[in-house]
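sequence below, structure please.
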Amino acid sequence: MGPQLVCPFCRAIVADGVEPAPGTCAGCGARFAGGGDDARAGVVAALAWWHITDLDGARVSEGLFRVLPSDRLNGLASVTSDSRDGFYRWWVFVAAAAEPATVLAQAAALVP
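Prediction:
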């Protein structure tokens, strides 16, 4: 089985059978980037892709895992893994209406 990456917002398949690459979800327009071997590495790769240099990948990663269904960030930013044979990779999704630097900074601010 080749890799499969599903948008966490609209559940559209954004990559199926081919290695995912940063891009945009055809279903909802969310941007995604990453591809790290763990969530932190995926966030660091996404930050680099979006040229966001003033955020700490560890804080953003931890913050994304703290988002609750009732939080204002729910539906704006998410970290998720693809599925594949072997070890999966991690990706960051940012809703089409959101600015990656802004919502990822808000996610980092969730970490005390």
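
quick one, helices of the chain?
Remark: helices assigned in the chain by DSSP state H are 39-49, 57-66, 100-108.

could you dump those into TSV and include distance to F93 and mean neighbour count?
C-betas here are computed from N, CA, C, even on glycine. Output for the helices of the chain, formatted as TSV (distance: least, Cβ to Cβ, whole Å; neighbours: other Cβ atoms under 10 Å):
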stretch	distance to F93	mean neighbour count
helix 39-49	9	22
helix 57-66	10	20
helix 100-108	10	21
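
shouldn't W90 be in contact with F32?
No - look at W90 against F32 with Cβ atoms under 8 Å: they stay out of range, at 10.7 Å.

between the two, which has more neighbouring residues?
F32 (27 against 22; other Cβ atoms under 10 Å).

reformat the helices of the chain as JSON lines; add mean pLDDT.
Output for the helices of the chain, formatted as JSON lines (pLDDT from 0 to 100):
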{"stretch": "helix 39-49", "mean pLDDT": "98"}
{"stretch": "helix 57-66", "mean pLDDT": "97"}
{"stretch": "helix 100-108", "mean pLDDT": "97"}
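
tabulate those (CSV), appending distance to S78.
What follows is these, written out as CSV (distance: least, Cβ to Cβ, whole Å):
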stretch, distance to S78
helix 39-49, 11
helix 57-66, 7
helix 100-108, 9
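
nearest to D85, of those?
Counting by Cβ to Cβ, D85 lies closest to helix 39-49 out of those; the figure is 18.6 Å.

and that closest one with helix 100-108, angle?
With axes from the mean of the first three to the mean of the last three Cα atoms, to 10 degrees as the basis, helix 39-49 and helix 100-108 are set at 150 degrees to each other.
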